[in-house]
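Visitor: Whatever this is, show me its structure:
(one chain, ligands or ions: 2)
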Amino acid sequence: MLLGCIGDDFTGSSDLGNTLTKGGMRCAQYVGVPKGPAASDVEAGIVALKSRSIPVADAVSLSLEALDWLRDQGCHQFLFKYCSTFDSTAEGNIGPVAEALADALAAEKVIVCPAFPATGRSVFQGHLFVGDRLLNESGMENHPLTPMTDPDIRRWLGHQIDGTVGHVPSAIVAGGPEAVREALQRAQDSGNRLIVADAIHDSDLVTLGQAADGLPLLTGGSGIAIGLPDVFRNKRLLSESGGTWAGQTGPVAVLSGSCSKATRAQIARHQASNPSREVAADDVMSGAATAQDLADWALSKSGIPLVYTSADPSEVRAAQDRHGSEATATAIEALFAETARLLVQGGTTRLITAGGETSGAVVEGLSLDRLEIGPEIDPGVPVMRAGPDLVLALKSGNFGGPDFFAKAAATLEGT
Ligand SMILES: Nc1ncnc2c1ncn2[C@@H]1O[C@H](COP(=O)(O)OP(=O)(O)OP(=O)(O)O)[C@@H](O)[C@H]1O
Ligand SMILES: O=C(O)[C@@H](O)C(=O)CO
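Guide: Ligands and ions are numbered 1, 2, ... in the order given. Have a look, this model is predicted:
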């Protein structure tokens, strides 16, 4: 294994797997820290954690455990993948995890770059944009768990760590890898270890990847990995034998706990021509909504049945005020996990989930341990094989085109 990756959620990890697989690396995604060794042909291993919204100390210890395992597999370079919208609170978890990994690896210069231009995320003057909106005006300010109210990544990260945050501006990134290396050194000389780098285009991310050659730790969205396969390839370290993907026919279902704008628009589009069932947070909390009932309903439907709790920000806030945000999220995630288990037990072979936390709960509920990454459905979302009769698509909240669910079902089938 050449590159050891730690993802702070499951959809984000598959997004990274998509980038590395497209770049030609043989890539495997593990559900949590594996117990045994990796297969010998894996060039990039991604340990997917559900550590984005858990207490800081737990996120740090899980990430260090993942790091130890990846080191044991022989990796010399490591990548901490977080969300391209920098999903975190002022307490963490991105900063504390990045610092703990840097301590463990004696990393002195650590790039921080959430940019993912293919999905409209760019970093300019240390500020994160989603399309033409600053992060805090993009809808992410309403996120149920990690509302992003400050677009200045340097300042937000600064709240999360004890030290100061450096910055490599766009004009320097445009100057190429050597200019970036010099700027990183200057940032380190000024006492900064975590260094936010601007990136607007994929070419900037390629430059950052080249500049990071020899650095033990990189952090970012999946975009930060764009240049890495070529760095390994130029050193003749990649096997170059392509992966094989065979589609899967059989019953399909969609489970959505994502309340993002993109997901809600995809739901509205999908339910116009497919069976759909909305589940209210109150019914989850009271126990009126049961996994058995939802699974039976989906298994009885033709088309691409959709079960969702996705609601608009005012409904989400009202449910959180009534029941508490953590309790609501935990109960909804547990319901989706059990529904997924019953669906697969009932014969579902293609499962599509929307939302990082939701997908994490589902994948853990299904007790999966390793996912093979296949072709891309939409930027940032690949199809994945979880076993001989089960394929998955785990969609990050804000990813995917308007017709994502139908496109995912078809791509999972291999059509
Ligand atoms: N109606 C609702 N009321 C309150 N909370 C909800 C509701 N529906 C879903 N949730 C919770 O909101 C959270 C949504 O997070 P999730 O990560 O699944 O989606 P997302 O944030 O859109 O996706 P991503 O993290 O990939 O951007 C989950 O914990 C989910 O259980
Ligand atoms: O980086 C992203 O935006 C996604 O991979 C993700 O992590 C959202 O959960």
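Visitor: Now do the end-to-end distance for stretch 369-383.
Guide: Start-to-end span of stretch 369-383 (CA to CA, to the nearest Å) is 16 Å.
Visitor: what's the answer for stretch 143-160, then?
Guide: 19 Å.
Visitor: List the contacts of it.
Guide: Applying CB atoms under 8 Å, 6 or more residues apart in numbering, the external contacts of stretch 143-160 come out as 52-53, 85-96, 112, 114, 123, 126-129, 134-138, 140-141, 164-165, 167, 194, 196, 259-260, 316, 320, 325, 329, 357. The way it works is simple: take the backbone N, C-alpha and C, and place the C-beta from them, glycine included.
Visitor: how about a cut-off of 7 Å?
Guide: In this structure, residues lying in contact with stretch 143-160 by CB atoms under 7 Å, 6 or more residues apart in numbering are 53, 85-92, 94-96, 112, 114, 123, 126-128, 134-136, 140-141, 164-165, 167, 194, 196, 259, 316, 320, 325, 329, 357.
Visitor: Can you say which of these are also within reach of ligand 1?
Guide: 259, 316, 320, 329, 357 (CB under 6 Å from any ligand atom).
Visitor: wait, which of those is closest to ligand 2?
Guide: Nearest to ligand 2 out of those is residue 357 (CB to the nearest ligand atom; 8.3 Å).
Visitor: Now, the ones next to ligand 1 among the contacts of stretch 143-160 that are in helices?
Guide: Among these, the ones falling in helices (DSSP state H) are 316, 320, 329, 357.
Visitor: the strands in the stretch 1-150 of the chain, which residues?
Guide: 3-7, 27-31, 44-48, 77-81, 110-113, 121-124, 127-130, 133-134 (DSSP state E, counting those that start in this stretch).
Visitor: can you redo the ones you listed as TSV with mean pLDDT?
Guide: What follows is the strands of the stretch 1-150 of the chain, written out as TSV (pLDDT from 0 to 100):
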stretch	mean pLDDT
strand 3-7	98
strand 27-31	94
strand 44-48	97
strand 77-81	98
strand 110-113	98
strand 121-124	98
strand 127-130	98
strand 133-134	98
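Visitor: Mind picking the two most distant members of the ones in helices among the ones next to ligand 1 among the contacts of stretch 143-160?
Guide: Farthest apart among those by CB to CB are 320 and 357. That separation is 14.0 Å.
Visitor: residues from this protein in reach of ligand 1?
Guide: Of all the residues in the chain, those in contact range of ligand 1 (CB under 6 Å from any ligand atom) are 9, 11, 143-145, 257-260, 263, 281, 309-311, 315-316, 319-320, 328-329, 332-333, 355-358, 396-398.
Visitor: Going through these, which ones are buried?
Guide: Buried residues within the residues of the chain next to ligand 1, counting neighbours by 16 or more other CB atoms under 10 Å: 9, 11, 143-145, 257-260, 263, 281, 309-311, 316, 319-320, 328-329, 332-333, 355-358, 396-398.
Visitor: from the stretch 101-250 of the chain, which residue is nearest to ligand 1?
Guide: residue 144 (3.8 Å).
Visitor: pretty sure residue 163 contacts residue 193?
Guide: Yes - with contact defined as CB atoms under 7 Å, residue 163 reaches residue 193; the gap is 6.0 Å.
Visitor: Contacts only, for residue 200.
Guide: Contact analysis of residue 200 by CB under 7 Å, 6+ apart lists 117, 122, 124, 170.
Visitor: Could you dump those into TSV with distance to residue 340 and neighbour count added?
Guide: Formatted as TSV, the contacts of residue 200 follow (distance: CB to CB, whole Å; neighbours: other CB atoms under 10 Å):
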residue	distance to residue 340	neighbour count
117	32	20
122	34	23
124	39	13
170	42	18
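Visitor: Identify the farthest-apart pair in those.
Guide: Farthest pair in these, by CB to CB: 117 and 170, 12.6 Å.
Visitor: Residue ranges of each domain in the protein, please.
Guide: Domains of the chain are assigned by automatic domain parsing as 3-234, 252-413.
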